[in-house]
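Undergrad: this one's structure only:
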Ligand SMILES: Nc1ncnc2c1ncn2[C@@H]1O[C@H](COP(=O)(O)OP(=O)(O)O)[C@@H](O)[C@H]1O
Ligand SMILES: [Mg+2]
């Protein structure tokens, strides 16, 4: 007996990348990414290289949202808040207290982490989920933005903080200067790879598996004995850590921290990057960010005011056509072709 | 725990009343499970059967009365704590994690956090592995399929298998044969009989044939009160039960 389930079509695109094959494929994909990242400095103009560096950092923050939204099922409108708090933390300690190096990186991560932990703890243990969670995170980014604009003496108000120092990281007797033009690009690439490796670990860990279970049916997980509120708080905090790292390094790469790094508009953009690429996939966050950033940049060069309209329209069309995003759609086509060619998809049983 | 369970495990409702607003759903109800490896809870729709399970699993807190596990008062504990103490349930509507594979569903169940005393208990379901359960439940060929790709029956079996893997001391199954055909239903009864050799199993069902196949003792609930308790033969020949329940079923 079969019950027709409207979700089957959707679900069949969810990534199944476990086992040895999955590991090889993931390793190959990461190696290819490293290769592309290594080549870019020799093919891009200096201007485009900084543009690329910013995209890589934006992609990192998109990855951090993918953890929360795609894996744990909680959509946050507050991702830009943690990104911006990371950026301002780095910029404030750098410009006002002359703090740099590892400590400034640590602060860019620690401040958003503390805030996310407190906020996440009270929200998730207070049974706030789903739409209510999204609304509270939206309120959070609005408040954080207001604070940053109003607290002039510390944050520089509307103009933000300029001349933020670049990053120099000591490794024992050596140090790497990430403040040069190429250095800034390599910093961005490193941030992306660090974020990606952490999230790949989550994907293969039992922590990540339980998050997926919570996304699918939180009650079922709780009635098996899992403390789901802790898991969600941990996911929220980890997500903020990566967003904060990305934000801090964004301030370093672009040598400034400004209120538009911490506003609802950026939050919504991050969300569109993840949605358009495919929220169930790490690759989706990467692909979506690259496409949308380049598209926005191109369109805004000749439509100075109305570019968000065009980009928004593009977003709506893609999401309507491919609800599972670009990577989701590609996966579906691939799976269908494999099935049609008589081969067996990894997750189709022999029967 | 005060008394390490030399005695057989027991799960008890002690004079429990549950009210929703003005509606009394369980009415000074006392029940004890654990004597028999397998027990059935039957009664007409709305009798309060699911509410008994909801009380046992901490979703519903009794208005008055107590809930005891192996003699220990667990009234008011959270569902998570109760699950960790080894009271695991299957829901009336099959609930599995549809976006992950069957193997991962089983892995999550077997990895579920448990009280240490329960981990150390002997003779429980603790030594079972996902592949053992998948074999028993005919899910071996579906291990890499997403749970959403399973048929209704397979989903029922997966959820039962998950509950069984989650180190239960008491396994509560709410309508495990709902929506199954006759053959699947018989298969399910066999599975549950096997399970009940390893942990105490309580089953809510409507299908009398299914209850007969299960064996074990039977508790009849009616309007939130205990109507009868006994073997299936006793229950089926009981005139009061026939009037309120079996007769009604025959008419339906
Ligand atoms: N959370 C609730 N709130 C209000 N009424 C409820 C709730 N849960 C159950 N009931 C009522 O309690 C009665 C018993 O329900 P239930 O235990 O589900 O019955 P059964 O499982 O025996 O069919 C029904 O009348 C039902 O409407
Ligand atoms: Mg019921």
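TA: Received the coordinates, thanks. What you see is a predicted model, and the numbers here were worked out from it, not measured in a lab. Ligands and ions are numbered 1, 2, ... in the order given.
Undergrad: thinking residue A:100 is in contact with residue A:165, fair?
TA: Yes - contact criterion CB atoms under 8 Å: residue A:100 and residue A:165 qualify, at 5.8 Å. Heads up, the C-betas are built off the backbone N, CA and C, glycines and all.
Undergrad: any low-confidence regions in the chain?
TA: With no chain named, the answer covers chain A. Within chain A, the segments meeting pLDDT under 70 span A:1-20, A:342-351.
Undergrad: switch to chain B, please.
TA: Under the criterion of pLDDT under 70, the regions of chain B flagged as low confidence span B:1-7, B:117-126, B:245-252.
Undergrad: get me the contact residues on it for ligand 1.
TA: Proximity of chain B to ligand 1 is confined to B:20, B:23, B:25, B:43, B:45, B:46, B:47, B:48, B:49, B:50, B:51 under the rule CB under 6 Å from any ligand atom.
Undergrad: again, 5 Å this time
TA: Taking CB under 5 Å from any ligand atom as the measure of proximity, chain B contacts ligand 1 at B:20, B:25, B:45, B:46, B:47, B:48, B:49, B:50, B:51.
Undergrad: buried members of those into PyMOL, please.
TA: The following PyMOL selection, which keeps only the buried ones among the residues of chain B next to ligand 1, applies the criterion 16 or more other CB atoms under 10 Å in any protein chain shown:
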select buried, chain B and resi 25+47+48+49+50+51
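Undergrad: quick check, nearest of the residues of chain B next to ligand 1 to residue B:143?
TA: residue B:50 (31.0 Å; CB to CB).
Undergrad: the closest one: what's it in contact with?
TA: Neighbouring residues of residue B:50 by CB atoms under 8 Å, 6 or more residues apart in numbering or on different chains: B:92, B:174, B:204.
Undergrad: mind redoing it with 10 Å?
TA: Contact criterion CB atoms under 10 Å, 6 or more residues apart in numbering or on different chains gives B:25, B:41, B:59, B:60, B:91, B:92, B:174, B:175, B:204 as the residues in contact with residue B:50.
Undergrad: and what of residue A:141?
TA: Under the contact definition (CB under 10 Å, 6+ apart), the residues listed for residue A:141 are A:76-85, A:262-268.
Undergrad: buried among these? Make that a ChimeraX selection.
TA: Command for ChimeraX, covering only those of the contacts of residue A:141 found buried under the criterion 16+ other CB under 10 Å:
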select /A:76,77,78,79,80,81,82,83,84,85,262,263,264,266,267,268
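Undergrad: quick one: the strands in the stretch 101-250 of chain B, in order.
TA: Residue ranges of the strands in the stretch 101-250 of chain B, as given by DSSP state E, counting those that start in this stretch, are B:170-174, B:200-204, B:217-222, B:225-231.
Undergrad: which residue lies nearest the spatial centre of the chain?
TA: If you meant another chain, say so; for now it's chain A. residue A:62 (2.2 Å; CA atoms, centre = their mean).
Undergrad: chain B is the one I meant
TA: The centroid of chain B falls nearest to residue B:172 when counting by CA atoms, centre = their mean (1.5 Å).
Undergrad: quick one: that residue from residue B:53, how far?
TA: Taking CB to CB, to the nearest Å as the measure, residue B:172 and residue B:53 are separated by 5 Å.
Undergrad: which neighbours do the two have in common?
TA: Taking CB under 10 Å, 6+ apart as the contact definition, residue B:172 and residue B:53 share the neighbouring residues B:41, B:87, B:89, B:90, B:91, B:202, B:204.
Undergrad: which of these lies closest to chain A?
TA: For chain A, the closest of these turns out to be residue B:89, at 6.1 Å, with distances computed as CB to the nearest CB.
Undergrad: in the stretch 151-300 of chain A, which residue sits nearest ligand 1?
TA: Using CB to the nearest ligand atom, the point where the stretch 151-300 of chain A gets nearest to ligand 1 is residue A:219, with a distance of 13.9 Å.
Undergrad: tell me what the helix ranked longest in chain A is packed against?
TA: Among the elements of type helix in chain A, defined by DSSP state H, the one spanning the most residues is helix A:228-254. Counting contacts by 3 or more CB pairs under 10 Å, 6 or more residues apart in numbering or on different chains; DSSP states H and E, helix A:228-254 packs against helix A:46-66, helix A:79-96, helix A:101-125, helix A:130-150, helix A:181-204, helix A:206-216, helix A:218-223, helix B:79-84.
Undergrad: now do that helix against helix A:206-216, angle only.
TA: For helix A:228-254 against helix A:206-216, the angle between stretch directions is 110 degrees (axes from the mean of the first three to the mean of the last three CA atoms, to 10 degrees).
Undergrad: got the angle for helix A:228-254 vs helix A:101-125?
TA: 150 degrees.
Undergrad: show me how far whichever helix or strand comes after helix A:228-254 is from its chain's centre.
TA: Under the assignment DSSP states H and E, the closest C-terminal helix or strand after helix A:228-254 is helix A:264-277. Computed by CA atoms, centre = their mean, to the nearest Å, the chain-centroid distance of helix A:264-277 equals 9 Å.
Undergrad: briefly note if helix A:264-277 comes near chain B.
TA: No - looking at helix A:264-277 against chain B by CB under 10 Å from any CB of the partner chain, there are no contacts, and the closest approach is 16.7 Å.
Undergrad: which helices and strands does whichever helix or strand comes after that helix pack with?
TA: Counting by DSSP H and E, the element after helix A:264-277 in chain order, helix or strand, is helix A:282-302. Judged by 3+ CB pairs under 10 Å, 6+ apart, helix A:282-302 is in contact with helix A:19-43, helix A:46-66, helix A:181-204, helix A:264-277, helix A:307-321, helix A:325-340.
Undergrad: can you put the ones you listed in a markdown table and add distance to residue B:236?
TA: As requested, those are arranged in a markdown table below (distance: least, CB to CB, whole Å):
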| stretch | distance to residue B:236 |
| --- | --- |
| helix A:19-43 | 51 |
| helix A:46-66 | 57 |
| helix A:181-204 | 54 |
| helix A:264-277 | 58 |
| helix A:307-321 | 58 |
| helix A:325-340 | 50 |
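Undergrad: residue B:65: which of those is closest?
TA: Proximity of the helices and strands packed on helix A:282-302 to residue B:65 was assessed by CB to CB; the nearest stretch is helix A:181-204, lying at 43.8 Å.
Undergrad: tell me the angle the closest one makes with helix A:228-254.
TA: Going by the same axes, to 10 degrees, helix A:181-204 makes 170 degrees with helix A:228-254.
Undergrad: mind listing what's buried in helix A:181-204?
TA: Within helix A:181-204, the residues that count as buried by 16+ other CB under 10 Å are A:183-193, A:195-196, A:198-200, A:202-203.
Undergrad: how far away from the center of its chain is that helix?
TA: 11 Å.
Undergrad: same check on stretch B:159-169?
TA: 10 Å.
Undergrad: that stretch vs chain A: in contact?
TA: Yes - applying CB under 10 Å from any CB, one finds stretch B:159-169 in contact with chain A at B:159, B:162, B:163, B:165, B:166, B:167.
Undergrad: around chain A, which positions in the stretch 151-252 of chain B sit nearby?
TA: Listed as neighbours of chain A in the stretch 151-252 of chain B under the rule CB under 10 Å from any CB: B:151-155, B:159, B:162-163, B:165-167, B:172, B:179-181, B:184.
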